[in-house]
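*Asks:* Quick one: sequence plus predicted model below, questions after.
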Amino acid sequence: MQNEQEFYRCLVSDAAGRTLKKILEIIRDDTLSDEICFHKIEAIISLYEELGISTGSRHDFG
């Protein structure tokens with residue numbers, strides 16, 4: 001039972017990691033327009049920054 005639980009924990013962790021990686025790729029895609037979902041994009045970028053993960057220059061308004 002312990003091995004099965006560990007398997008599912010790793011499976012979920014791996015899926016979450018792949019999902020976060022894909023979101024980061026979308027954020028870093030300079031061909032997409034921010035105007036469409038600006039507030040949603042802003043929230044996601046802010047979350048990455050809170051986690052210490054750079055999203056590139058798209059959030060550098062300064």
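*Replies:* Cool, got the structure. Numbers count the residues shown, from 1 in each chain.
*Asks:* which stretches of this protein have low pLDDT?
*Replies:* Within the chain, the ranges that satisfy pLDDT under 70 run 1, 34, 58-62.
*Asks:* Just give me the longest helix of it.
*Replies:* Across the chain, the longest stretch assigned as helix under DSSP state H is helix 2-28.
*Asks:* what packs against that one?
*Replies:* helix 38-50 (3 or more CB pairs under 8 Å, 6 or more residues apart in numbering; DSSP states H and E). Backbone N, C-alpha and C define where each C-beta goes, glycine included.
*Asks:* by contact count, what packs against the helix it packs on?
*Replies:* helix 2-28.
*Asks:* Run the chain-centre distance for the helix it packs on.
*Replies:* Centre-to-centre, helix 2-28 and its host chain are 11 Å apart (CA atoms, centre = their mean, to the nearest Å).
*Asks:* Likewise for stretch 46-62?
*Replies:* For stretch 46-62, the distance to the chain centre is 11 Å (CA atoms, centre = their mean).
*Asks:* Would you mind pulling the contact partners of it?
*Replies:* Defining contact as CB atoms under 8 Å, 6 or more residues apart in numbering, one finds that stretch 46-62 is touched by 24, 27-28, 30, 34, 42, 45.
*Asks:* Among those residues, which one sits closest to Q2?
*Replies:* Ranked by distance to Q2 (CB to CB), the contacts of stretch 46-62 are led by L24 at 32.7 Å.
*Asks:* Measure how buried the closest one is and give me the count.
*Replies:* For L24, the number of neighbouring residues by other CB atoms under 10 Å comes to 17.
*Asks:* show me what contacts it?
*Replies:* 48, 53, 55.
*Asks:* top of these by neighbour count?
*Replies:* T55 (18 neighbours).
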